[in-house]
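1. Sequence and predicted model, in that order:
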Amino acid sequence: MMGNTRMKIMVIDGNSILNRAFYGIRQLSNHEGLPTNAVYGFLATLFKLREDEKPDRTVVCFDVREKTFRHLKFDSYKATRKGMPDELAAQLPVMKETLDAMGVVRCELAGYEADDLIGTISRKADENGDTCVVVTGDRDSLQLIGGGTTVLLVSTKMGQTTYETYDMEKFRERYGFDPIRLIDLKALMGDASDNIPGVPGIGEKTAMQLLHDFGSLEGVYANLEDEKIKKGARAKLEAGAQSAKDSYWLATIDRNAPLALDVANLPEEHRDEAALYELLTRLEFKNFIKKLGLSGAYTAPRLPELRTQRIQNAAEAFGLLDALTEAGRVFAVIPETLGAMCLLEADTAAMLFADDFADADWDALLRRLFGGAIELVLHDAKPVAAALLARGIQPEGIVFDTCLAAYLLDPTQSGYDLPRVALAYCSTELPELDLDDPAAVSPLGGQEQTEQACARHAGAVRAIYQEAASRVEELGMRKLYYEIELPLMRILAEMETVGCAVAPDELRAFGERLDVRIHELIAQIYRDADGEFNINSPKQLGEVLFEKLHLPAPKKTKTGYSTNVDVLERIAEDHPVVPKILEYRQLTKLKSTYVDGLLKVVSQKDGRIHTHFQQTVTATGRLSSTDPNLQNIPVRTELGRELRRMFVAPDTEHVLIDADYSQIELRVLAHISQDAHMIEAFRSGQDIHAATAAKVYHVPLDEVTPQMRSSCKAVNFGIVYGISDFSLAQDIGVTRKEAGEFIRAYLATYPGVAKYMEDIKENAREKGYVSTLFGRRRALPELKSKNFNIRSFGERVAMNTPIQGTAADIIKIAMVRVHDRLLREGLESRLILQVHDELILEAPKTEQETAMRLLKEEMEAAFVMDAPLVAEAKAGHSWYDTK
DNA sequence: AGAATCACG
DNA sequence: ACGTACGTGATTCTG
């Protein structure tokens, strides 16, 4: 049976591919170069290649890291041979375990490198009449090409992995000689990276020429007197004869390693699904679990079996809710449409669908459920709360939100949807469930499956709750969770529901004005550039500016010329088209992102804009705003600021009230660092940037020039971000050295700040995390990275997060206080927006003065600091008018 | 899907 | 010596 059919065997250089993945990731400065990412990269490569190549068998070869046979002969070789970094080598066991679980054959042999094992396997495969695809990142292996053996070369550039198959033909085309002559080439020119000396003085050019003329190393030495060899080269070849011989031997892959592996009878792959699922779960490689079609069924289920109960009768439903009032916490899964509910208490999950009830009954059921008498635990409650508010139902009784808890416990995750959190907290794979999909809840089909799935989701919410609630306590985040984030969730739901009134006609008119000017600019730009092109395309724009018009190109991105505003401003004087492009950029930004973007999201129902505040996105604890983002409405340029005229009070009986904190982050810095000088500057009510300048320049306050103030303002900002001389120099336009001096002078002025910056880094390194004054945490594994860039980033984050995060905590507290007090005082004013250090209310004019005073008071009293908080409130008909 | 750009604090 | 400020989201182009 064997030997009759040609097998396709894929042989992989495990060390090479793993190393490649590791350094590939490290090249990307904003990626964390964690060794497990390299394992991920390796497996990704393996899966992809097996899909593309469809081999019958796969073998992965590894170096055994001690002495190889080459080391025995050449000490120098051993001394400098590049090994695998220890942290990566530490991943080898788990990787080998994974391969074993997949049923992939592994091959390693003491005293041999992976190269030699691959060479030997490919030779044997060839002898058996099989074909062999060698997968490696190492060009040396190209010498193995021939017979049934081809090489698939893997390379990584800028994090992009590319694959290239080399067969005999391709190699000859590329190199101009046979693959086996690669050895001769190395013998002549050497290889610094592999510490093969070659012939001293012979480089790539000469070596290629020699091989071309004489075919092989032997040929070269047999024809040393040939006239084609120049005198100098001849002398070098004579002197380096022994080195050439040694190098030839060093460069040769051993194809006769004493392998125990029976290449003719490689076993069929048998996957151990349970082990593989467990491993991939531990590694958090969920993609692979999905890709391989594994499921949690292979692990012992962590969640108990639940009974499901379908309720379609109104009396029974109200009875259930009465019973739940007496019971413990109820774990609920409810879609945003409010069209169904799954309520888990003890071991029974009750499932109710709106379609089974009269509208009035369903409404009453929702009111009862959220009436406050039942203690509800939900995952991601805000959308449900907002939907209830939109229906005029007050969402009471939500005592825990597992999504919010998971965010507080680790705010750096990329998302917190229930399946993801369930996997992280209780290794449970949840079935798909879309209760918003009318098909799932229609009486026609799939109901039972939906019930089961829903019960499992509710079960997961309970399991997460049990774990997360205690961890919130353990990490000292009880107040942060129950007194800030959870109440805020409800407030955000209200803000989203209320929305913000807009003036769409004025917005359209503004858009038309922009359009007129944009079209003028397009015509002028085409004329100036002597041709049409897509101005929106940085690629085409770069070609026009820097190739066609020959303007100096000051900077490049990884894909080509940089054409950002910094670059264009530097060359604005050099050609009349540049200022027009700058203006075009500005106007099209305003038009497409703001005018068109905002018009698209004006509600059909009430003509207002309802943003969504994200409470579980940022790593620092700030909110973010989406669909639309109302936290980045232009203000810095006069033209952009015009857009704020479109955000208005709904009628002449109302006003907008806007209050913002003055210098909240610097005040937090002063307080946290306890720097006496900075605290004093704030206490005395001075302009902080001017006061800083007076101290740094040693001049009286009234002699501070605008330039001096401006530089110090830049440093004040830079300090908060974790400054470097280079970036400061870039920002304020001085040399790097001057910027460095400036930072030194600044830190001498505020020694408490200097000490804080050092202390926080050390503290973060020791503990592995930083925290805000209110106990919000952010883990910082980056600080332990060997990669300078990653580590430096970690240090800047360690300096910045406590400041930005504490400021975020403070304004959240202010929001809760403002909201509570408006309620307590029976006012109709409503919070509608938050922009990091700014709160906006919509208020009846009759309440204007009261609300302004209240807003300022609550914001300033949110937290008593040594550098006291100051907030200024202003009122106006539009957001523009509150400046 | 990712890169480039630019809007905000 | 390294490569260069923290945190976001939307739009557009491109492979």
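-> Sure thing, it's come through. Just so we're clear, the structure is a prediction, and the values are computed from it rather than from any experiment.

2. Look at the nearest residue to A:Thr162 once chain neighbours are set aside and report its pLDDT.
-> Closest residue to A:Thr162 apart from its sequence neighbours, by Cβ to Cβ, 6 or more residues apart in numbering: A:Ser155 at 5.4 Å. Glycine gets a C-beta too; all of them are placed from N, C-alpha and C. For A:Ser155, the pLDDT comes out at 74.

3. And for the one 4 residues further on?
-> In this model, A:Gly159 is scored at 52, pLDDT.

4. for the residue nearest to A:Thr162, what are its contacts?
-> Applying Cβ atoms under 8 Å, 6 or more residues apart in numbering to A:Ser155 gives the contacts A:20, A:137, A:161-162, A:164.

5. Could you check which residue of the stretch 651-800 of chain A lies nearest DNA strand C?
-> Nearest residue of the stretch 651-800 of chain A to DNA strand C, counting by Cβ to the nearest atom of the strand: A:Gly718, 2.1 Å away.

6. hmm, I was thinking of the stretch 201-350 of chain A
-> Closest point on the stretch 201-350 of chain A to DNA strand C, by Cβ to the nearest atom of the strand, is A:Glu336, at 17.5 Å.

7. if I look at the closest residue to that residue other than its chain neighbours, how far off is DNA strand C?
-> Spatial nearest neighbour of A:Glu336, chain neighbours left out: A:Pro383 (4.6 Å); criterion: Cβ to Cβ, 6+ apart. For A:Pro383, the distance to DNA strand C equals 15 Å [Cβ to the nearest atom of the strand, to the nearest Å].

8. longest helix anywhere in chain A?
-> helix A:788-824 (DSSP state H).

9. Does DNA strand C have contacts with that helix?
-> Yes: counting by Cβ under 7 Å from any atom of the strand, DNA strand C is contacted by helix A:788-824 at A:788-789, A:792-793, A:796-797, A:800-801, A:804.

10. Just the closest of these to A:Glu665, please.
-> In terms of Cβ to Cβ, no member of the residues of helix A:788-824 next to DNA strand C lies closer to A:Glu665 than A:Gln804, at 6.5 Å.

11. and the gap between that closest one and A:Leu623?
-> Distance, A:Gln804 to A:Leu623, by Cβ to Cβ, to the nearest Å: 12 Å.

12. So for the two, which residue has more residues nearby?
-> Shown here are A:Gln804 and A:Leu623; by other Cβ atoms under 10 Å, A:Gln804 has more neighbours (23 against 20).

13. Of all the residues in stretch A:523-535, which ones are buried?
-> Within stretch A:523-535, the residues that qualify as buried by neighbour count (16 or more other Cβ atoms under 10 Å) are A:524-525, A:528-529, A:535.

14. what's the answer for stretch A:354-363, then?
-> Of all the residues in stretch A:354-363, those buried under the rule 16+ other Cβ under 10 Å are A:354, A:356-357, A:361-363.

15. Stretch A:282-291 now?
-> A:283, A:285, A:288-289.

16. and A:Lys812, what does it touch?
-> A:Lys812 sits next to A:484-485, A:488, A:621, A:623 when contact means Cβ under 8 Å, 6+ apart.

17. Pick the one among the residues of helix A:788-824 next to DNA strand C closest to DNA strand B.
-> The closest of these to DNA strand B turns out to be A:Gln804 (Cβ to the nearest atom of the strand; 6.1 Å).

18. any idea what the residue nearest to the closest one when sequence neighbours are not counted is structurally, helix, strand or coil?
-> Spatial nearest neighbour of A:Gln804, excluding adjacent residues (Cβ to Cβ, 6+ apart): A:Thr620 at 4.5 Å. Classification of A:Thr620 by DSSP: H, G, I helix; E, B strand; the rest coil places it in coil.

19. A:Thr620: neighbour count?
-> A:Thr620: 21 surrounding residues under other Cβ under 10 Å.

20. now swap in A:Arg736 and tell me
-> When neighbours are defined as other Cβ under 10 Å, A:Arg736 has 14 of them.

21. Ok, A:Val472 next?
-> Using other Cβ under 10 Å, A:Val472 has 22 other residues around it.

22. next one: A:Ala340
-> The burial count for A:Ala340: 22, using other Cβ under 10 Å.
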